[in-house]
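Peer 1: Everything below, folded, please.
(one chain, ligands or ions: 2)
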Amino acid sequence: MASCMVYACYIYIVLGILVLKGAEAQRAFFVFGDSLVDNGNNNFLATTARADAPPYGIDFPTGRPTGRFSNGYNIPDFISQSLGAESTLPYLDPELDGERLLVGANFASAGIGILNDTGIQFVNIIRIYRQLEYWQEYQQRVSALIGPEQTERLINGALVLITLGGNDFVNNYYLVPYSARSRQYNLPDYVKYIISEYKKVLRRLYEIGARRVLVTGTGPLGCVPAELAQRSTNGDCSAELQQAAALFNPQLVQIIRQLNSEIGSNVFVGVNTQQMHIDFISNPQRYGFVTSKVACCGQGPYNGLGLCTPASNLCPNRDSYAFWDPFHPTERANRIIVQQILSGTSEYMYPMNLSTIMALDSSKN
Ligand SMILES: *[C@@H]1O[C@H](CO)[C@@H](O)[C@H](O)[C@H]1NC(C)=O
Ligand SMILES: *[C@@H]1O[C@H](CO)[C@@H](O)[C@H](O)[C@H]1NC(C)=O
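Peer 2: Ligands and ions are numbered 1, 2, ... in the order given. So this is what the prediction gives:
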């Protein structure tokens, strides 16, 4: 009798350890934003903002396009890897079901911005407020699976990434000369406006459960091959777009600081993607790149015109380019960026890096 009880006891302990281990391995990851972090949602939508044809994905393990705007992995993939997790599936992917929901989900959609009118030319894309609604829908689905309390733990314990803002310049304010927004606002006022709208988005993320959110700034918008091809004389970065990024990024850090102090906790963490890219641009060789001006895939000056398609020029060695297409980094550049997210100094990560976050959060359990 006694041994039976001991045996039963043993079973419970083993099960208990398995559940605990599961919970530990189970830091979910959620991604919101634009093409820099879209893992393929737009493949399921009728839109022209897509990366589902070769040579996109040429260096992905399958060698095939996935909808990521990269030759291989993107920033969310490398973050998943550092969490010891598989990549999150796009929310619209029918394979995202059952247990796989517990890994997290990617809600990002290429072409979107902070503003609802950003990227309207792409027609059917998932604007940020819709992405947030999908997250609530996701939470209901998970709740049906593991119950409301476990769901709340999963959501509050999750890591969240949000990448927005670049398109509010490139695919809105500067999309065409005399755009509606540029007639409405001068640049400094426009930046103030989109920052105030971004603050609402971040607050909403917190309200629906986010407790650790990596918020990326914009890169040096004027230095991407697309802008060098269209706006630059003699290969210098476009001054207007550089000005836009120079106004946007510090104000983003300011709202992160404000929100954290309102909440009384470092929920939001700023990622200085601007500085990370400037490092490549000012000294490409140091990172093993032959160039940070010319895109690997594209056409025209700097390979910066039009889209990356099967008919484009394609560089032989993707690892020696910082830019894959006219707007998006190569897999190798993404890997370096995530390395900085993990262990960068306070110049890159405000107020702390992801390694510190992981150490802090694991000691909470
Ligand atoms: C954008 O759309 C959402 C929902 O559709 C709405 O709640 C929000 O106020 C809109 N933002 C602006 C700035 O109009
Ligand atoms: C960032 O992470 C590393 C650990 O990988 C740590 O040693 C370092 O001190 C951190 N830097 C800052 C500024 O927090």
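
Peer 1: any idea whether the closest residue to Gly98 other than its chain neighbours is helix, strand or coil?
Peer 2: Nearest residue to Gly98 in three dimensions, chain neighbours excluded: Leu145, at 7.3 Å (Cβ to Cβ, 6 or more residues apart in numbering). For glycine as for every other residue, the C-beta is placed from the backbone atoms N, C-alpha and C. What DSSP: H, G, I helix; E, B strand; the rest coil gives for Leu145 is helix.

Peer 1: Now for Leu145, how many residues are close by?
Peer 2: 14 (other Cβ atoms under 10 Å).

Peer 1: Please apply the same query to Asn172.
Peer 2: 23.

Peer 1: next one: Ser343
Peer 2: The burial count for Ser343: 14, using other Cβ under 10 Å.

Peer 1: surely it meets Ser355?
Peer 2: Yes: if you go by Cβ atoms under 8 Å, Ser343 and Ser355 touch, sitting 5.3 Å apart.

Peer 1: quick one: secondary structure of Val31?
Peer 2: Quick answer, by three-state DSSP: Val31 is strand.

Peer 1: what's the spacing between it and ligand 1?
Peer 2: 20 Å (Cβ to the nearest ligand atom, to the nearest Å).

Peer 1: Could you pull up the contacting residues of the closest residue to ligand 2 within the stretch 51-200 of the chain?
Peer 2: Going by Cβ to the nearest ligand atom, ligand 2 is nearest to Ser82 of the stretch 51-200 of the chain, at 10.4 Å. Ser82 makes contacts with 338, 342, 354, as judged by Cβ atoms under 8 Å, 6 or more residues apart in numbering.

Peer 1: And Asp279, by the same measure?
Peer 2: Asp279 makes contacts with 286-287, as judged by Cβ under 8 Å, 6+ apart.

Peer 1: and it, how far is that from ligand 1?
Peer 2: Counting by Cβ to the nearest ligand atom - Asp279 and ligand 1 are separated by 34 Å.

Peer 1: where does that residue land on pLDDT?
Peer 2: Looking at Asp279, its pLDDT reads 92.

Peer 1: on that earlier part again, the contacts of Ser82: which ones sit near ligand 1?
Peer 2: Restricting those to those touching ligand 1 (Cβ under 6 Å from any ligand atom) yields no residues.

Peer 1: Then Ala105 would be within a strand, right?
Peer 2: Yes: counting by three-state DSSP, Ala105 is located in a strand.

Peer 1: and the residue nearest to it when sequence neighbours are not counted, what are its phi and psi?
Peer 2: Closest residue to Ala105 apart from its sequence neighbours, by Cβ to Cβ, 6+ apart: Tyr91 at 4.7 Å. Backbone torsions for Tyr91, taken as degrees, to the nearest 10, come to phi -60, psi -30.

Peer 1: Count the residues that sit near the nearest residue to Asn353 once chain neighbours are set aside.
Peer 2: Closest residue in space to Asn353, ignoring its immediate chain neighbours: Gly344 at 5.2 Å, by Cβ to Cβ, 6+ apart. A count of neighbours around Gly344, defined by other Cβ under 10 Å, yields 21.

Peer 1: dump the residue contacts of Gly344.
Peer 2: Gly344 neighbours (Cβ under 8 Å, 6+ apart): 272, 276, 353.

Peer 1: right, is stretch 325-343 up against ligand 2?
Peer 2: Yes: using Cβ under 6 Å from any ligand atom, stretch 325-343 reaches ligand 2 at Ser343.

Peer 1: Close to ligand 2: what parts of the chain are there?
Peer 2: Checking the chain against ligand 2 by Cβ under 6 Å from any ligand atom, the hits are 343, 345-346, 352-353, 355-356.

Peer 1: what's the farthest-apart pair in those residues?
Peer 2: Farthest-apart pair in the residues of the chain next to ligand 2 is Ser346 and Ser355; separation 12.9 Å (Cβ to Cβ).

Peer 1: more neighbours, these two?
Peer 2: Using other Cβ under 10 Å as the criterion, Ser346 and Ser355 rank with Ser355 on top: 14 against 10.

Peer 1: In contact with the residue nearest to Leu221 when sequence neighbours are not counted, which residues?
Peer 2: Using Cβ to Cβ, 6+ apart and skipping residues adjacent in sequence, the residue nearest Leu221 is Leu241, 4.0 Å away. Neighbouring residues of Leu241 by Cβ under 8 Å, 6+ apart: 169-170, 174, 221-222, 227, 231.

Peer 1: Now Ala295, what are its backbone angles?
Peer 2: Note on Ala295: backbone dihedrals following degrees, to the nearest 10 are phi -80, psi 150.

Peer 1: isn't it right up against Leu314?
Peer 2: No: using Cβ under 8 Å as the test, Ala295 is too far from Leu314 to be in contact (10.0 Å).

Peer 1: Looking at those two, which has the bigger crowd around it?
Peer 2: More crowded of Ala295 and Leu314, by other Cβ under 10 Å: Ala295, with 33 against 18.

Peer 1: Spell out which residues sit in contact with that one, please.
Peer 2: 225-226, 302-304, 308, 321, 323-326.
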